[in-house]
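Undergrad: Pasting the sequence and the predicted coordinates here, then a few questions.
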Amino acid sequence: MRSGANGIGIALSWTLLVAVGACAPAADEPKPTGTDRGEAAKAGGPGEGILMNEDVPKTDAEWKARLTPEQYHVTRQKGTERAFSGAYWDHHGDGVYRCTCCGQALFDSRTKFESGSGWPSFFKPVDAEKVDAHEDRSHATVRTEVTCGHCGAHLGHVFDDGPAPTGQRYCINSASLNFEGREEKSE
């Protein structure tokens with residue numbers, strides 16, 4: 001009987017470790033439909049994001065009007081999408097991942113790797129100046145939160161368990177990103 005209770009304790013400990021260690025605990029929110037955020041931009045509706053030359057919204061109401069409910073929850077309220085549910089966790093396109101809130105280039109597909117965490121993972125940002133790091137003591141642990149250096153949008157967290165050459169794993173929510181494919185130039 002004692003070994004059965006110990007097994008349950010180990011299973012619960014493992015579950016907590018996986019939830020906290022991968023990125024952040026899953027939030028109770030609807031799964032994304034998988035619609036490419038580029039399509040929302042073309043339609044001119046919520047989720048269209050903004051371009052770097054546009055003014056960044058200043059009020060909560062402006063952010064809510066500009067973003068989908070999921071994008072707002074993740075980027076402005078420091079939420080987390082469920083593992084393996086975001087549009088980019090298993091995305092393999094060639095291009096740049098931009099901030100969904102301000103359009104700043106954040107990560108290049110050449111630095112994306114399969115971490116097995118269920119979130120898009122990168123071993124470095126396009127430019128260290130474009131991503132800010134902050135201590136995060138939420139969820140009974142200490143982690144390093146990463147935000148957009150231009151508009152302050154919550155992106156995810158960075159961990160020191162990534163591949164060479166940096167050893168870092170930027171574990172990023174798909175809802176905080178828009179993918180822009182690299183255009184092939186014909187010679």
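TA: Perfect, I can see it now. Residues are numbered from 1 along each chain as shown.
Undergrad: Surely residue 110 is in a helix?
TA: Yes. Residue 110 forms part of a helix when assessed by DSSP: H, G, I helix; E, B strand; the rest coil.
Undergrad: do you know how far it is from residue 125?
TA: For residue 110, the distance to residue 125 equals 12 Å [C-beta to C-beta, to the nearest Å]. (Glycine included, C-beta is placed from N, CA and C.)
Undergrad: quick one, which of those two is more surrounded?
TA: residue 125 (24 against 14; other C-beta atoms under 10 Å).
Undergrad: So the more buried one: helix, strand or coil?
TA: Going by three-state DSSP: residue 125 is coil.
Undergrad: Give the closest residue to it in space, chain neighbours not counted.
TA: Excluding the flanking residues, the one nearest residue 125 by C-beta to C-beta, 6 or more residues apart in numbering is residue 131, at 4.3 Å.
Undergrad: I'd say the one you found and residue 151 touch.
TA: No. Residue 131 is beyond contact range of residue 151, at 11.7 Å (criterion: C-beta atoms under 8 Å).
Undergrad: More neighbours: those two, which one.
TA: Neighbour count, other C-beta under 10 Å: between residue 131 and residue 151, residue 131 has more, with 23 against 19.
Undergrad: Thank you kindly, that will do.
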